[in-house]
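A.B. asks: just to be clear, the model below is a prediction. Sequence and coordinates:
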There are 2 protein chains.
Amino acid sequence: MSKPTASVDRSAPTELVAQWRDLLARHAVTSCALEKELQGRHSIGLSEFETLDRLVDAGAESYKMSDLAGDIHLSQSALSRAVARLERDGLVNRSLCTEDRRAIFVCLTEKGRELHRAAAPTHREVLEQSLR
Amino acid sequence: MSKPTASVDRSAPTELVAQWRDLLARHAVTSCALEKELQGRHSIGLSEFETLDRLVDAGAESYKMSDLAGDIHLSQSALSRAVARLERDGLVNRSLCTEDRRAIFVCLTEKGRELHRAAAPTHREVLEQSLR
C-alpha cells in the first residue's frame, strides 16, 4: 500500500485535523457532563474526583504527588489546587516523606473512600452516555 | 502495605474508564506538544491557533463569536482571552453587528492568514506524530 504523496496544501484541514477536532469535542463534552453531574450530585469537581479515582485504583495507602501529576495529566499547579480542596474537605491527607524531604505523599481518608464509592457510579454512568 | 479489597462493584475501573483515561492522555500529550511547537516556532498559543484555524476553515469573512465558542470547545472567557490576544497582535479584528448589537464578529486579517499559512504545517506535523 502506497501512501498518497502530499502535493496538497499542507494548511488545508485533513482527516488528521478532523480526528483531532473529534478528540477535542469528545474531551470537552465528556468533561463538561462529568463536571456537572459530579458537582450536582456529589459536590465534587472533576479534577478532585479523578484524583480520588487514581488513589483508589492504585490500591495503595499513599501516592507520590509527582507520580500523580504525570498519571492524571494535570499541571503541577492544577493538581496542587485539587489536592488542597480535597484536603480541606477531609477526603485526603498530605504528608512529607521522611527519607526524601522534597517528596509529598497524598493519602486517601475513610471519608474520601466513601465519597468515591458514592460518586463512582455517577462517573461511570456519564462515561457510558458520553463515550458509547 | 494494604491488601486490595476484593469487591467487584460499580466503582471499580472498567474498560470505559480505561477508554476515558486514554482520551485524557491523548488530549494532554497532543495539546502539550502543539502548545510547545506552535509557541516555539511561531510564537502563537494553541487556543489562538485553533481560533485562526476555524476562521480559515470556515472560509468566511467573519465568524460570530458565540458560534466560535461552541465550535472550538473553549469557555466564553477562554475564547475572549484568545481573541483579545489575536486582536492585540493584529491577527483578527472584532466588530459589532449592526443588526444585533449583542453579536460580536471576529474577522481574520491578512496578517492572521499569513501566520496561519506558516503555522498550519507545524500543527499538522505534530498531529501526525501524536495521533498516529
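C.D. replies: That came through fine. Everything numeric in this text was worked out from a predicted model, so none of it was measured.

A.B. asks: count of residues packed around A:Leu79?
C.D. replies: 22 (other Cβ atoms under 10 Å in any protein chain shown). For glycine as for every other residue, the C-beta is placed from the backbone atoms N, C-alpha and C.

A.B. asks: now do the contacts for it.
C.D. replies: When the contact criterion is Cβ atoms under 8 Å, 6 or more residues apart in numbering or on different chains, the partners of A:Leu79 are A:47, A:51, A:65, A:68-69, A:72.

A.B. asks: quick check, pLDDT for it.
C.D. replies: We have a pLDDT of 91 for A:Leu79.

A.B. asks: and the gap between it and A:Ser66?
C.D. replies: Relative to A:Ser66, A:Leu79 is positioned 9 Å away (criterion: Cβ to Cβ, to the nearest Å).

A.B. asks: check A:Leu74 too.
C.D. replies: Following Cβ to Cβ, the distance that separates A:Leu74 from A:Ser66 is 12 Å.

A.B. asks: give me the more crowded residue out of the two.
C.D. replies: A:Leu74 (20 against 13).

A.B. asks: which residues sit against stretch A:81-89?
C.D. replies: Here stretch A:81-89 has contacts from A:45, A:47-48, A:51-52, A:65, A:68, A:74, A:92-94, A:106, A:111-112, using Cβ under 8 Å, 6+ apart.

A.B. asks: how far away is the closest residue to A:Gly90 other than its chain neighbours from B:Tyr63?
C.D. replies: Nearest residue to A:Gly90, sequence neighbours excluded (Cβ to Cβ, 6 or more residues apart in numbering or on different chains): A:Lys111, at 5.0 Å. Distance, A:Lys111 to B:Tyr63, using Cβ to Cβ: 48 Å.

A.B. asks: more neighbours: these two, which one.
C.D. replies: More crowded of A:Lys111 and B:Tyr63, by other Cβ under 10 Å: B:Tyr63, with 22 against 12.

A.B. asks: quick check: closest non-adjacent residue to the more buried one.
C.D. replies: Nearest to B:Tyr63 is B:Val106, by Cβ to Cβ, 6+ apart, at 5.1 Å.

A.B. asks: what about the host helix or strand of that neighbour, distance to the chain center?
C.D. replies: According to DSSP states H and E, B:Val106 maps onto strand B:104-108. Here strand B:104-108 is found 17 Å from its chain centre; the criterion is Cα atoms, centre = their mean, to the nearest Å.

A.B. asks: contacts for that strand?
C.D. replies: Contacts of strand B:104-108 (Cβ under 8 Å, 6+ apart): B:51-52, B:55-56, B:61-66, B:68, B:83, B:86, B:91-97, B:116.

A.B. asks: can you check stretch A:41-55 too?
C.D. replies: A:31, A:34-35, A:38-39, A:63, A:68, A:71-72, A:74, A:78-79, A:81-83, A:85-86, A:91-92, A:106-108, A:112, A:115-116, A:118-120, A:122-123, B:13, B:17, B:24.

A.B. asks: would you mark the buried spots in that stretch?
C.D. replies: A:42, A:44-55 (16 or more other Cβ atoms under 10 Å in any protein chain shown).

A.B. asks: can I get it as PDB, trimmed to CA atoms?
C.D. replies: C-alpha atoms of stretch A:41-55 as PDB (Å, rounded to 0.1, in the frame of the first residue of the first chain):
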ATOM      1  CA  ARG A  41     -25.000  15.000  42.800                       C
ATOM      2  CA  HIS A  42     -21.900  14.700  45.000                       C
ATOM      3  CA  SER A  43     -20.500  18.300  45.300                       C
ATOM      4  CA  ILE A  44     -17.100  17.200  44.000                       C
ATOM      5  CA  GLY A  45     -15.200  18.600  41.000                       C
ATOM      6  CA  LEU A  46     -13.900  16.500  38.100                       C
ATOM      7  CA  SER A  47     -10.200  17.000  38.900                       C
ATOM      8  CA  GLU A  48     -10.900  16.100  42.500                       C
ATOM      9  CA  PHE A  49     -12.800  13.000  41.600                       C
ATOM     10  CA  GLU A  50     -10.100  11.900  39.100                       C
ATOM     11  CA  THR A  51      -7.600  12.300  41.900                       C
ATOM     12  CA  LEU A  52      -9.600  10.100  44.200                       C
ATOM     13  CA  ASP A  53     -10.200   7.600  41.400                       C
ATOM     14  CA  ARG A  54      -6.400   7.200  40.900                       C
ATOM     15  CA  LEU A  55      -5.800   6.800  44.600                       C
END
